[in-house]
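Student: what follows is a predicted protein model with its sequence.
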Amino acid sequence: MELITSLASECRVAAAYDKVMNAECVYTFHSPYTTDQGILVNLNTFVGTVQNLAFGSPSSDKGLFVRIVKKRVVKKGAADHPTNSSATTTAPTKLAIGVEGGFASEAEKYDTISSHSIVVLSKRENNEMAPEILAELPYTDATKNNFPTLVTMSVDSIVHHAGALTPQDAQQWKLDEEIPVSKYAAQLPFVDNDVRIVSNPKHWACQKYPDAERSKENLWLNLSDGFIGGGRKNWDGSGGTGGALDHYDETGKLFPLVVKLGTLTADIDTADCYSYAPDEDGPVRVPNLKELLVKRGIHIASMQKTVKSTAELEVELNANYAFDAITEAGAQLVPVSGPGLQGLQNLGNSCYMNSVLQVLLSGTVSELAHRYGTKAHGNVTSHAFLKSAPTSPWDNLLCQTTKIACALTSGAFALPVDQAESEDGATTNPKYRLAPRMFKHLIGKDHVDFCTAQQQDAAQFFQYLLEKLDQAELAAAKQQPGTFSAASNIINVTSRLFTFATRTRLVCMADQKIKYNENALENVWGLRIPMEKAVFMEEEKKAADIASPEHKRLKSEDSELKQVPTITFAACLEEWASESTIDDLKWAHLQSANYPATQRTRFANFPRYLVVQMHRYEMGPDWTPVKLEVKLDIPQELDLSQYRCSGPQDGEKLVPEDASVTAPASAFGPTIDESALSQLMDMGFSMNSCRRALIAVGGNNSEAAMNWIFEHNTDPDFNDPLPQVGGPTGELALSHDSVVDEGSVQTLVENLGCFPADHVRAALKATNGSMEQAADWLFSHMDDIDSAISALQIREAASDGTHTSSAPSMTLEDGDGKYSMIGMISHIGKNTGSGHYVAHLKRGDDWVIFNDEKVALSSKPPTEHAYMYLYKRSDAMNSPNLDY
């Protein structure tokens, strides 16, 4: 006790706005449920960790912690509940939990037993060893008064805090459903009846039903007359007595506004207010809440949060209610579990993220599993990125990526195989559930779409994640030279595994001279589906497919069975590789005369991993995206070697290297509005096609651009990269050089006032000379602008094949162009911003389906219906890149 007393002054009391990591280790997915050791929460920093990483970030040599351990046990008699009995074969008849005919709630089936202790830890001289426990004393109602007052207050504030994870989810819920100001707040009647509310929660109880079982739970204060009543029951059977609503009805429905006791803190905006008025009947904001509370003797400055808000409870209830997508329906799937076979919990429309994380980090991409993960059954606490994390590991992308990868590759949290088989591959046991909330909050916090709880496009998220990982890796390489470098000045960023370049071959129709042009680097190969080349299947093949899961799904969605045509991948590839014509190019070697040209695109290199995105959506007649109902006959083995650009050939007459080829500025000159571009891309169209559409209609009219897409989505160059714009004249330059106007540089330096000329010059280069877009680029990257500029330098160096000693570079991987399919992401729904995503990954000779938390052997991989395909170059199959 003396040691604890000596450290008591370092303790802090957590306020409602503090980040308290009391539900999960910030470095791993260990939680109070996973082991008998639970997690340790620092009483000064409120950071929860496992013992090995308790001093993972810079801190003092000794620390005071509270150990939180939880165990879930079956309630006595729970097996007799009609919805729990394995003997009954009656299916639930109500979409409800905890009622007759519905599903049993977790609260009805299980009790949670919690235990706490105060721990004093000390660093060891050898940092590789776990910190030493100098003292550990149990913390219970019987012993808590033996501890110093500040220690007791600190522990209680941590244990009863809502935690940092649930408020993040609750904030997303609020973003999607803005809480309005009550129309009754300003003129709310106030009954001056001398009612004063005591500050001690022990004395609060429902005045309407004081003898009820839950008379002290879910209590709401009427802001007009000071009446305390229980809230309504939740749909899972939990909640209050209903006394608050009954009181509203019995008083003539004159006093509609209530506030939830226990949510009142110094941060008045976090208080939970509700209106019973029929025209509101929901959560509301009460601007004059503080004044109304003072009249009842409540001074919020001294109040502490003791219960969860409605938003937080809503998140928990939704998390407990599992929605299972109809994937491989009707098939007897065999659940699997273990290293590389770990599911991820759906946080609410987060299946797009889960699918991408499984593809990248579960072991399918061996280089990323080696960089961020661990070996099968390996230690999830020993990774270098965890031990070198900064003071805020929840805000460090390398740390949180490592946390995900180690959990997926190790199998440390995987459901035991026998339980996986008995529970159909899914479980509600928190000991085995991985909820990637920290990662989702971190990766999405700076993105207008990914910060919400709405469904998003998996392909767009894949590219965004690569960009953010590149930036984080470059920043780490700058702080610790050599971290991601295999050789001098070569940075092996994650995107290098997927990056490829294409070259365009232009043939002038006037003199047949040829110009080769390097296009911008890409990491997703987008292919248009030419529906005019789709054919219906043979009758016998169609009949054999009647029993397929996808056919059943289509039948269930429409009254009549649909006949779905099939298109070959070869037809899509031919569409991409075919020659097209460009009108009115200005050829400098012909005295700047305008002549048309033919163009075709080929690969400049073949990356180690090739991601293929099929554009399964087109613009409908009402300008809304429509999913193409077509099956894709795609081979598991690809040979693209014939589509390599081999460069100038003997006998070809080339346009002089110093002679430019340009198009009139009017063709591609307008500045593209980024919000309009994002709006179009959200509908499932590629960036190249959206840019073409906006340029064609003036740059900012999304409605006109949608019409253009509808009219031109069959053009052969619809998804081709646009040649880069360069030069102060705004002309389209089909040469690689990009000229920055120094006058624009000086203007931005003077007007912005906070960026040096080098940064402005890089931004102008990245935005093709647009001053407005350059300013936006600078401000959007100012948190880590050095890394962003380094990424630009890498892409530029890789594109022109040169680099300087001062700029990091990335050489593109290359191989023979033969590929094998190792993964896919499928989408069910009308467009990429809704519906459900599922991943299928190759494990040896078998395919495995990753449907959020459900992981099972796949009986029929949906290769015909996938949205994204992952191929690995055949010559790299058994030879991973050891530089990662």
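Tutor: On my side now, so go ahead. Numbers count the residues shown, from 1 in each chain.

Student: so where's the stretch 251-400 of the chain uncertain?
Tutor: Applying pLDDT under 70 to the stretch 251-400 of the chain flags residues 309-332, 389-390.

Student: can you pull out the helices in it?
Tutor: 289-294, 310-320, 351-361, 366-372, 384-387, 397-410 (DSSP state H, counting those that start in this stretch).

Student: show me what counts as buried in the lengthiest helix in the chain.
Tutor: The residue-count maximum for a helix in the chain (DSSP state H) belongs to helix 458-479. Residues of helix 458-479 classed as buried: 458-477 (neighbour count, 16 or more other CB atoms under 10 Å). Yep, even glycine has a C-beta here, placed from its N, CA and C like the rest.

Student: check stretch 358-374 too.
Tutor: Judged by neighbour count using 16+ other CB under 10 Å, the buried positions of stretch 358-374 are 358-374.

Student: ok, back up a step: between the longest helix of the chain and helix 351-361, how many degrees?
Tutor: 50 degrees (axes from the mean of the first three to the mean of the last three CA atoms, to 10 degrees).

Student: Gln563 reaches Ala534, doesn't it?
Tutor: No. Contact between Gln563 and Ala534 fails when scored by CB atoms under 8 Å: they sit 11.2 Å apart.

Student: for this protein, name the helix or strand with the lowest mean pLDDT.
Tutor: Of all helical and strand segments in the chain, the minimum by mean pLDDT, DSSP states H and E falls on strand 732-733, at a mean of 34.

Student: next structured bit after that one?
Tutor: helix 742-752 (DSSP states H and E).

Student: Gln613 is nearest to which of the helices of the stretch 251-400 of the chain?
Tutor: The closest of these to Gln613 is helix 351-361. By CB to CB, the value is 12.2 Å.

Student: list of residues touching that closest one?
Tutor: With contacts defined as CB atoms under 8 Å, 6 or more residues apart in numbering, helix 351-361 is touched by 325, 344, 346, 364-365, 368-369, 372-373, 401, 404-405, 408-409, 436, 439-440, 443, 450, 455-458, 461-462, 465, 823, 825, 836-839, 841, 850, 852, 870.

Student: confirm Trp220 sits in a helix?
Tutor: No. Counting by DSSP: H, G, I helix; E, B strand; the rest coil, Trp220 is not found in a helix; it is strand.

Student: Gln563 and Ala534: who's more crowded?
Tutor: Ala534 (18 against 10; other CB atoms under 10 Å).

Student: isn't that one up against Leu632?
Tutor: No. Assessed by CB under 8 Å, Ala534 is found out of contact with Leu632, at 9.4 Å.

Student: flag every buried residue along the one helix or strand Ala570 maps to.
Tutor: Element membership for Ala570, per DSSP H and E: helix 569-577. Residues of helix 569-577 classed as buried: 569, 571-573, 575-576 (neighbour count, 16+ other CB under 10 Å).

Student: and which of these is nearest to Thr391?
Tutor: Nearest member of the buried residues of helix 569-577 to Thr391, counting by CB to CB, is Trp576, at 48.4 Å.

Student: per-residue pLDDT, that closest one?
Tutor: For Trp576, the pLDDT comes out at 93.

Student: backbone dihedrals for Asp883, please?
Tutor: phi -80, psi -10 (degrees, to the nearest 10).

Student: the stretch 751-884 of the chain: helices as residue ranges?
Tutor: Ranges of helices in the stretch 751-884 of the chain, per DSSP H, counting those that start in this stretch, are 757-766, 771-780, 785-800.

Student: average pLDDT for the second one?
Tutor: Helix 771-780 shows an average pLDDT of 75 in the prediction.

Student: the inter-axis angle of that helix versus helix 742-752?
Tutor: Using the same axes, to 10 degrees: helix 771-780 against helix 742-752 is 50 degrees.

Student: what does helix 771-780 contact?
Tutor: 671-672, 674, 744, 747-748, 752, 755, 759-760, 763-764, 766-767, 785.

Student: for Asn831, state which of those residues is nearest.
Tutor: Distances from Asn831 to these, taken by CB to CB, are shortest for Glu674, at 20.9 Å.

Student: any figure for the gap between the closest one and Glu772?
Tutor: Per CB to CB, to the nearest Å, Glu674 is found 10 Å from Glu772.

Student: the more surrounded of the two?
Tutor: Comparing Glu674 with Glu772 by other CB under 10 Å, the one with more neighbours is Glu674, at 16 against 12.

Student: list the buried residues in stretch 251-264.
Tutor: 255-264.

Student: so which of these belong to strands?
Tutor: Using DSSP state E, 257-260 are the members of these that sit in strands.

Student: tell me which residue of the chain is furthest from the middle?
Tutor: Distance to the chain centre peaks in the chain at Gln591, reaching 52.4 Å (criterion: CA atoms, centre = their mean).

Student: which residues touch Phe573?
Tutor: Check again: residue 573 is Leu, not Phe. 527, 643.

Student: again but with Met153, I slipped
Tutor: 11, 13.

Student: isn't there a strand covering it?
Tutor: No. Per three-state DSSP, Met153 lies outside any strand segment and is helix.

Student: state the distance from the residue lying closest to His712 once chain neighbours are set aside to Val26.
Tutor: Distance criterion CB to CB, 6 or more residues apart in numbering; nearest residue to His712, sequence neighbours excluded, is Phe718 at 6.2 Å. Separation of Phe718 from Val26 (CB to CB): 46 Å.

Student: please apply the same query to Gly684.
Tutor: 36 Å.

Student: who has more neighbours out of those two?
Tutor: Set Gly684 next to Val26 and count neighbours by other CB under 10 Å: Val26 wins out with 26 against 23.

Student: show me what contacts the more buried one?
Tutor: With the criterion set at CB under 8 Å, 6+ apart, Val26 makes contact with 47-49, 393-394, 399, 403, 438.

Student: need those in JSON lines with distance to Val626 and neighbour count, can you?
Tutor: Formatted as JSON lines, these follow (distance: CB to CB, whole Å; neighbours: other CB atoms under 10 Å):
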{"residue": "Val47", "distance to Val626": "49", "neighbour count": "27"}
{"residue": "Gly48", "distance to Val626": "47", "neighbour count": "28"}
{"residue": "Thr49", "distance to Val626": "49", "neighbour count": "27"}
{"residue": "Pro393", "distance to Val626": "44", "neighbour count": "24"}
{"residue": "Trp394", "distance to Val626": "41", "neighbour count": "22"}
{"residue": "Cys399", "distance to Val626": "42", "neighbour count": "27"}
{"residue": "Lys403", "distance to Val626": "39", "neighbour count": "29"}
{"residue": "Met438", "distance to Val626": "37", "neighbour count": "24"}
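
Student: need those residues in a markdown table (columns: distance to Asp281).
Tutor: Listed next are the contacts of Val26 as a markdown table, based on distance: CB to CB, whole Å:
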| residue | distance to Asp281 |
| --- | --- |
| Val47 | 40 |
| Gly48 | 38 |
| Thr49 | 43 |
| Pro393 | 42 |
| Trp394 | 37 |
| Cys399 | 44 |
| Lys403 | 41 |
| Met438 | 35 |
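
Student: narrow those residues to those in strands?
Tutor: Members of these lying in strands (criterion: DSSP E): 48-49.

Student: and which of the contacts of Val26 is nearest to Asn701?
Tutor: Met438 (39.9 Å).

Student: how close does the closest one sit to Gly262?
Tutor: Met438 is 26 Å from Gly262, by CB to CB.

Student: ditto for Lys208
Tutor: Counting by CB to CB - Lys208 and Gly262 are separated by 18 Å.

Student: perfect, that will be all.
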